[in-house]
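**Student:** next one to model:
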Amino acid sequence: MKNGVNFMKKIMRYSILPLCASIVSTSFAAPVLEEVIVTAEKRENTLQDTPIAITAFTADQISKDRVHDYQEIALKTPNMVYVQLGGFSQIYLRGVGLNVTSISGDPAVATYVDGVYQGATFAQNAPVFDLERIEVLRGPQGTLYGRNATGGSFNLITKTPHQDVEYNAAVTFEDYEKYTVEMGANVPISSSAALRGSFTYLDQGEGYRENPIRGEDMDAEENISGRAALLLQPTDNFEMLFRGEYSDHERTGAESELLTDAFNRPQFTPFISDPDDLTYTSNSPKLIETEIKGFSATLTWDITDSIQLKSITGWRDSDWDELGDNDGTPLTLTASDSFQYNEQFTQEINLSGVSFGDRLNWIMGVYYLQDDSDTEFTFDATDLIGLGFSFAIEQEAKAYAGFAQGTYDINDQFAITGGARYTRDEKEVGHQITFGIPICGDFGVTTTITSDEQSWDDVTWTAGLDYKLNNDTLLFAKASTGYRSGGYNLGACGLSFDPETIDAYEIGAKTQLFDNRLQLNASFFKYDYTDIQILRLVSGTTAIDNASSADILGFELEYIGLVTDNIRIDGSVSYLDTEYGSTVFGNPLVPTNEFNIGGNNLVNSPEWSATAGIEFVWPAFNGDVTLRWDMSYKDNYYFDVFNASLPSQSELEQDSFVITNARLGWESSNSTWGILAFVDNITDELYRESASANGLRQFVGANFSRPLTFGVRLSYSYQ
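**Tutor:** Numbering: from 1, shown residues only. Now for the predicted structure:
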């Protein structure tokens, strides 16, 4: 805490206060900060008039700041931690998330692309090219985005076809033999139809890390993806928008590096890694391939000038294959051959409108999800226990929901919001475990087959009060709840886990100061978190279990300012105080020993986080030159519920770190041509993207971030 306070003092002294003082002393002539439109409440509204803690990235920011993946978004979003493990996306907001790499559990932060839920964590790809906007909604979204959204919602909105001809293309060259080609086009077909498409190809020939045993690189990748959208408007009040996507991603990594051995066994000691030397030890190749196909149809009917009916249908077919060795040694300890498949269908129908003289904005609807998944994990542990073992699980999940929410303007200053959602989840599972998992019996050739089905339901709600102090200041207070369904574990012999729930209380302010040359948004929140789903190790395999409770308290401050007409600043400061309630879990490396986690911090929950950026723009060469510097700071945090306090597990803590980036770009006056030079992670800071203790191997291993990278991007746009 003391270190965090000292850091905050430095931030205030050297960053925020002088910059704000500069704004105060500046003559407030045009230009002003742009108005950002968001759809967080499933209707268009400005960011500053939406009473939700949101970090929004516009299309211009995404392109110029190179917001090209979830990790970049996490470094720029308050109280967000992103964990990338074996192709799986694990998003934490305000300490709420789940670090699972199978179909066992549902994500706590619900991800939507154009309103379509993405449930499989290995299929949560971020289509950052040709995006209109990214919206990160923090806090439980239990009404409008009720699909397991205890932590928040991640909304990706792609660009929509329109009636103007538009072409854009970009090529990016980076070190490590990496290049990316991006192309997009918008073509009107007739006065009532338009087509838009985009294509991305990425190839990285040299990996960030080297395997000295095999003499090859790790973390190289190849990705091909494309999207297409067709807009049809047969009448003035009815439109149909069809979207399709395809992605095929291959990667030679990422691997888990061996950091500690619980028993200091001499055969493993030589292979304990120093993360700073960019090497990894393995006796087998590593390959991860993810293929995704998707389709959606959004039909919108304006029944009257004030009432709209909308249908959103989504289908996704995704599979993930992994061949690899995650033990960090030249021995065959847990070489794996794994497969996961997911087919998902979703349907939402909602009716929205305004009533009572435009004082009431309302929406109501129904939602359905069917999710069919197959998983097979096979491990070769010959050099460790003299045999192999496998898990196989088939799961069919269905969810039904009905929801309603409304905001009523009592007068020009006061508004009240209320909403509720009923959700019912049903899961049916078939489970097979083969070849001697200790929890299923003694070592030896055994097969355990189980099947089961369960259902859970809950009512989540939100209630809020907004006060418009003046045209430039919105104050809000709200209470809301969230729910995440229970489920079944992959490798724990029929063991199921319960739903988790969260009660959240929040007050906030959104302000536009000095003729909208400075925006300050702040929020204070308190969570009561119950039956928390936690991934832990049980007798050599991972399982999700429920901790009793946790308390979360925090605040966030985001700012954007124009110091002068040519100098812009932005950043954030956030604080998080988390604490588990009393719950006893076993030591993952020595299961016979049990420890109470009461009082420990939640996993992936740094106490202090901060971002800061400054951007200079000046005219030159018949265009504008932009120089930008930004940094992201995260306090230390833990990857396990024991807070890295158990013997031989100190490496399950990530120390505080700072990531700094720089950009230098030029764009022609008509926005046709552009060039951007960039350096990411200037100080070559390597931090853990994930870490875990493995009870079977008695190891602690971790995956690490990208090192310093640099490159140049050339772009062309015609519109």
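
**Student:** tell me the mean pLDDT over stretch 411-422?
**Tutor:** Rounded to a whole number, the mean pLDDT of stretch 411-422 is 96.

**Student:** and for that stretch, what are the contacting residues?
**Tutor:** Stretch 411-422 has contacts (CB atoms under 8 Å, 6 or more residues apart in numbering) with 51, 142-144, 146, 401-410, 457-469, 478. Placement of C-beta: from N, CA and C, glycine included.

**Student:** okay, buried residues for that stretch please.
**Tutor:** 415, 417, 419-422 (16 or more other CB atoms under 10 Å).

**Student:** now those residues as a markdown table including distance to Arg133?
**Tutor:** Output for the buried residues of stretch 411-422, formatted as a markdown table (distance: CB to CB, whole Å):
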| residue | distance to Arg133 |
| --- | --- |
| Ala415 | 24 |
| Thr417 | 22 |
| Gly419 | 23 |
| Ala420 | 28 |
| Arg421 | 24 |
| Tyr422 | 30 |
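
**Student:** just the ones of those in strands?
**Tutor:** Counting by DSSP state E, the part of the buried residues of stretch 411-422 found in strands is 415, 417, 419-422.

**Student:** so which of these comes closest to Phe678?
**Tutor:** Each of those was scored against Phe678 by CB to CB, and Thr417 proved nearest at 41.2 Å.

**Student:** is the residue nearest to the spatial centre of the chain in a bridge, and if so with what?
**Tutor:** Centroid-nearest residue in the chain, with CA atoms, centre = their mean: Ile91, separated by 3.9 Å. For Ile91, the beta-bridge partners are Tyr82 (DSSP bridges).

**Student:** state the pLDDT value of it.
**Tutor:** 89.

**Student:** ditto for Gly151
**Tutor:** Model confidence at Gly151, given as pLDDT, is 93.

**Student:** what is the burial count for the nearest residue to it once chain neighbours are set aside?
**Tutor:** Counting by CB to CB, 6 or more residues apart in numbering, Gly151 lies nearest to Val96, which is 3.4 Å off, once chain neighbours are set aside. By the criterion of other CB atoms under 10 Å, Val96 has 31 neighbours.

**Student:** give me every residue that touches Val96.
**Tutor:** Counting by CB under 8 Å, 6+ apart, the residues that Val96 touches are 108-109, 150-152, 502, 527, 529, 552.

**Student:** lowest-pLDDT helix or strand in this protein?
**Tutor:** Least confident element among the helices and strands of the chain, by mean pLDDT, DSSP states H and E: helix 17-24 (a mean of 42).

**Student:** and the contacts of the helix or strand following that one?
**Tutor:** Per DSSP states H and E, the first helix or strand lying C-terminal to helix 17-24 is strand 37-38. For strand 37-38, contacts defined as CB under 8 Å, 6+ apart pick out 44-47, 50, 54, 56, 133, 135.

**Student:** from these, which land in helices?
**Tutor:** Among the contacts of strand 37-38, no residue falls in helices (DSSP state H).

**Student:** show me where the stretch 51-200 of the chain dips below the pLDDT cut-off.
**Tutor:** Scanning the stretch 51-200 of the chain for pLDDT under 70 picks out 85-87, 101, 123-128.

**Student:** now find how far off-centre stretch 96-103 is within its chain.
**Tutor:** With CA atoms, centre = their mean, to the nearest Å as the basis, the distance from the averaged C-alpha position of stretch 96-103 to the chain average is 11 Å.

**Student:** hang on, the earlier thing: was I right about the residue nearest to the centre of the chain contacting Tyr70?
**Tutor:** Yes. If you go by CB atoms under 8 Å, Ile91 and Tyr70 touch, sitting 6.9 Å apart.

**Student:** re the thing from before, among the contacts of Val96, which are in helices?
**Tutor:** Among those, no member falls in helices (DSSP H).

**Student:** so how far is Ser645 from Ile597?
**Tutor:** Separation of Ile597 from Ser645 (CB to CB, to the nearest Å) stands at 10 Å.

**Student:** between the two, which has more neighbouring residues?
**Tutor:** Ile597 (24 against 14).

**Student:** residue contacts, that one?
**Tutor:** Contacts of Ile597 by CB under 8 Å, 6+ apart are 547, 580, 582-585, 641-643.

**Student:** distance of it from Ala170?
**Tutor:** 48 Å.

**Student:** now do stretch 381-392, average pLDDT.
**Tutor:** 69.

**Student:** could you do stretch 355-371 as well?
**Tutor:** According to the model, stretch 355-371 has a mean pLDDT of 96.

**Student:** can you list the buried residues in that stretch?
**Tutor:** Neighbour counts using 16+ other CB under 10 Å place 361-363, 365, 367, 369, 371 of stretch 355-371 among the buried residues.

**Student:** go on, stretch 70-81?
**Tutor:** By neighbour count on 16+ other CB under 10 Å, the buried set for stretch 70-81 is 70-81.

**Student:** equivalent analysis for stretch 292-302, please.
**Tutor:** By 16+ other CB under 10 Å, the buried positions in stretch 292-302 come out as 292-299, 302.

**Student:** and what of stretch 701-719?
**Tutor:** Those would be 701-707, 709, 711, 713, 715, 717, for stretch 701-719 by 16+ other CB under 10 Å.

**Student:** now find how far off-centre that stretch is within its chain.
**Tutor:** Relative to its parent chain, stretch 701-719 has a centroid offset of 18 Å by CA atoms, centre = their mean.

**Student:** stretch 201-219 now?
**Tutor:** Stretch 201-219 has its C-alpha centroid displaced from the chain centroid by 25 Å (CA atoms, centre = their mean).

**Student:** again with stretch 84-96
**Tutor:** Distance of stretch 84-96 from the chain centroid (CA atoms, centre = their mean) equals 6 Å.

**Student:** give me the distance between the two termini of it.
**Tutor:** 16 Å (CA to CA, to the nearest Å).
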